[in-house]
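S.K.: need a 3D model of the sequence below.
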Amino acid sequence: MSWLETYVRPKIKALVGSPPDIPENLWLKCDNCGQMIFHRDLEANHHVCQHCNHHMRLPIATRLALLFDEGAYETIELPKTPVDPLKFRDVKRYSDRLKESQSKLAAMAAGSGAVGDHRDAIRVAHGKMDGRNAVIAAFDFSFMGGSMGIAVGEGLVAAARLAVLQKAPLIVIPATGGARMQEGILSLMQMPRSIIAVQEVKDAGLPYIVLLTNPTTGGVSASFAMLGDIHIAEPGAVIGFAGRRVIEQTVKENLPEGFQTAEYLLEHGMVDIVAPRSQLKETLVRVISLLTPGAPDAVADLARVEAELEQAGSADLEIPALAAGDDAGAAGGKP
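M.R.: Numbering: from 1, shown residues only. A predicted model of the protein is given here:
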């Protein structure tokens with residue numbers, strides 16, 4: 001060693017002191033534009049890049065707190081399901097993958113103070129939205145890519161039955177790569193099961209709303225995710241079944257720019273509303289008020305429309321009265 005290392009460097013360190021420990025996650029890089037964003041600014045903007053408006057992935061606890069009144073909600077325990085029913089193994093055992101994902105979620109929850117069931121890729125919560133009861137089933141992409149297995153299917157069934165019990169709208173927020181390959185045909189069976197669960201909500205005359213986030217693909221998009229009374233999507237969300245590359249190789253055609261994005265689907269009638277994250281709760285509350293039979297806001301909207309028609313000289317157009325027993329409302333259809 002030279003005298004610089006043995007004598008000069010220790011003297012300098014003793015003079016200036018050791019540098020303070022700086023957390024590694026103070027700045028985050030936007031996946032879209034590459035800009036560095038201070039973590040507090042990112043949290044204040046609901047994980048939306050202020051430079052390019054890219055909607056980053058939102059932690060599930062943060063998303064639920066964003067939608068419920070005052071961030072207050074309760075989660076339910078997911079029904080118990082078989083663990084690794086096919087004894088599947090690829091590079092590692094499926095049961096080991098589950099334990100790793102569960103430990104990861106538990107650690108993240110402990111760090112953020114989040115509560116709830118962290119055993120799989122879905123969280124079922126209920127609370128108030130603008131003073132009304134609401135049930136939300138939200139996917140957690142950090143758990144094996146939000147893939148749908150038996151536990152997710154059971155969670156959707158439980159969410160639907162809870163909504164019927166509380167006479168509340170059901171809001172599903174998928175963020176998923178599709179069915180879980182480690183459960184084989186058992187994961188595919190959750191597609192018809194989830195459709196039946198959705199139908200129970202609609203048969204009860206309750207709104208079923210889907211909030212499409214990035215990504216919503218595979219068997220989820222091929223089942224309950226596209227059966228909503230209203231489909232709302234976040235800007236830039238990728239929504240589809242197969243990936244762009246697979247489709248291009250199959251049809252031997254170049255797909256248009258922006259294919260499978262929320263804006264593209266809105267233009268082609270597959271999505272009803274594309275709402276920025278800051279306006280999601282307001283948009284959901286508005287939709288629920290319109291789809292809920294006999295809701296005060298819906299009655300007020302109907303009166304406003306009638307008044308506008310009268311002013312326009314179209315008072316002879318009959319508008320069916322909105323009542324609790326309205327057939328359209330009871331069917332859970334669109335307004």
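
S.K.: so what does R132 have for phi and psi?
M.R.: Torsion angles at R132 (phi, psi; degrees, to the nearest 10) stand at phi -100, psi 150.

S.K.: how about low-confidence regions in the stretch 1-150 of the chain?
M.R.: 1-4, 8, 16-24, 111-117 (pLDDT under 70).

S.K.: show me where it has strands.
M.R.: 27-29, 36-38, 73-75, 122-129, 132-139 (DSSP state E, counting those that start in this stretch).

S.K.: and the first one, which strands flank it?
M.R.: Strand partners for strand 27-29, identified by DSSP bridges, are recorded as strand 36-38 (antiparallel).

S.K.: please name the residues that touch D140.
M.R.: The neighbours of D140, taking Cβ atoms under 8 Å, 6 or more residues apart in numbering as the test, are I60, L105, A121, I122, R123, G146, A175. Where you see a C-beta, it was placed from the backbone N, CA and C, and this is true even at glycine.

S.K.: for the first one, which non-adjacent residue is spatially closest?
M.R.: What that stands for is I60. D140 (4.5 Å; Cβ to Cβ, 6 or more residues apart in numbering).

S.K.: separation between the one you found and R40?
M.R.: 24 Å (Cβ to Cβ, to the nearest Å).

S.K.: and what of R245?
M.R.: 37 Å.

S.K.: related to what we said a few turns ago, how about a markdown table for the strands of the stretch 1-150 of the chain, with distance to V164 and mean neighbour count added?
M.R.: As requested, the strands of the stretch 1-150 of the chain are exported to a markdown table (distance: least, Cβ to Cβ, whole Å; neighbours: other Cβ atoms under 10 Å):
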| stretch | distance to V164 | mean neighbour count |
| --- | --- | --- |
| strand 27-29 | 40 | 14 |
| strand 36-38 | 42 | 14 |
| strand 73-75 | 17 | 17 |
| strand 122-129 | 12 | 23 |
| strand 132-139 | 9 | 24 |
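
S.K.: ok, Y264 touching L255?
M.R.: No. The pair Y264 / L255 is not scored as a contact, 9.8 Å apart, by Cβ atoms under 8 Å.

S.K.: who has more neighbours out of the two?
M.R.: Per other Cβ atoms under 10 Å, whichever of Y264 and L255 has more neighbours is Y264, with 18 against 13.

S.K.: what about that one, distance to C49?
M.R.: 20 Å.

S.K.: ranges for the helices of the stretch 1-150 of the chain?
M.R.: Assigned by DSSP state H, counting those that start in this stretch, the stretch 1-150 of the chain shows helices spanning 3, 9-16, 39-44, 60-67, 94-112, 150-166.

S.K.: among those, which is the most enclosed?
M.R.: helix 150-166 (a mean of 22; mean count of other Cβ atoms under 10 Å).

S.K.: quick check: next helix or strand after that one?
M.R.: Downstream of helix 150-166, the next assigned helix or strand under DSSP states H and E is strand 170-173.

S.K.: partner strands of that next one, with direction?
M.R.: Sheet pairing of strand 170-173 (DSSP bridges) gives strand 132-139 (parallel), strand 208-212 (parallel).

S.K.: nearest to A151, out of those strands?
M.R.: A151 sits nearest to strand 132-139 of all the strands paired with strand 170-173, at 11.7 Å, using Cβ to Cβ.

S.K.: want to try a markdown table for the helices of the stretch 1-150 of the chain, with distance to P82 as columns?
M.R.: Below are the helices of the stretch 1-150 of the chain laid out as a markdown table (distance: least, Cβ to Cβ, whole Å):
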| stretch | distance to P82 |
| --- | --- |
| helix 3 | 68 |
| helix 9-16 | 58 |
| helix 39-44 | 38 |
| helix 60-67 | 24 |
| helix 94-112 | 11 |
| helix 150-166 | 7 |
